[in-house]
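In: here is a sequence together with a model predicted from it:
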Amino acid sequence: MDALDCLFTRRSIRQFTADPVDPEALNTALEAAMSAPSAGNAQPWHFVLVRERALLDAVPGFHPYAAMSRQAQAGVLVCADPALEKYPGYWPLDCAAAVQNLLLALHAQGLGAVWVGVWPEADRVENFRKLLGVPAQVIPHSWVPVGVPGQPAHRADRFRPERVHENRW
């Protein structure tokens, strides 16, 4: 898929088919996530790949916006270890860049996904820690349910020229 086509056609997919997800596609997407930029190239992230049905089904029990996890064939919990940072305080940006790369790589391979926020909601952070055994010093940042799209995705024009300010506001 052309890079610009991938950027312009990626959409949040909240409906999935029951078709399996290729493990190699997940691995490739995780490689892409780890290719994201990070402050000082510190790469303070960790990823928990979830394919166990019971775990996927448990997420909507504590996350009000993660119902699609019950249809997903996989999920990725993007986490940060602040101890790995070179420049303290940038881990949320680093993880966000990794999530975007993950979403684009999944879309480029014909898979669907949606970015579900976890941090800074303390209850969501703690529930993911408990469910997936995330160590206390690691911070769950985002949840990404993954599957074969069960809904169409098409390009939407979101460009707003009035939001572009040249040289000065």
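Out: Received the coordinates, thanks.

In: what pairs with the lengthiest strand in the chain, and is each one parallel or antiparallel?
Out: Identified as the longest strand of the chain according to DSSP state E is strand 139-147. Strand pairing for strand 139-147, using DSSP bridges, gives strand 74-80 (antiparallel), strand 112-113 (antiparallel), strand 116-117 (antiparallel).

In: residue 97: neighbour count?
Out: 17 (other CB atoms under 10 Å). The C-beta positions use only the backbone N, C-alpha and C, and glycine is treated the same way.

In: wait, it touches residue 38, no?
Out: Yes. Residue 97 sits in contact with residue 38 when judged by CB atoms under 8 Å, with a separation of 6.7 Å.

In: so for the residue lying closest to residue 70 once chain neighbours are set aside, what pLDDT did the model give?
Out: Taking CB to CB, 6 or more residues apart in numbering as the measure, residue 70 lies nearest to residue 57, with 5.5 Å between them; neighbours along the chain are not counted. Residue 57 is assigned a predicted lDDT (pLDDT) of 98.

In: which helix in the protein has the most residues?
Out: helix 91-108 (DSSP state H).

In: what is that helix packed up against?
Out: Counting by 3 or more CB pairs under 8 Å, 6 or more residues apart in numbering; DSSP states H and E, the packing neighbours recorded for helix 91-108 are helix 3-9, helix 23-33, strand 45-50, strand 74-80, strand 112-113, strand 139-147.

In: okay, those, which one's buried deepest?
Out: For the helices and strands packed on helix 91-108, ranked by mean neighbour count under the definition mean count of other CB atoms under 10 Å, the leader is strand 112-113 at a mean of 28.
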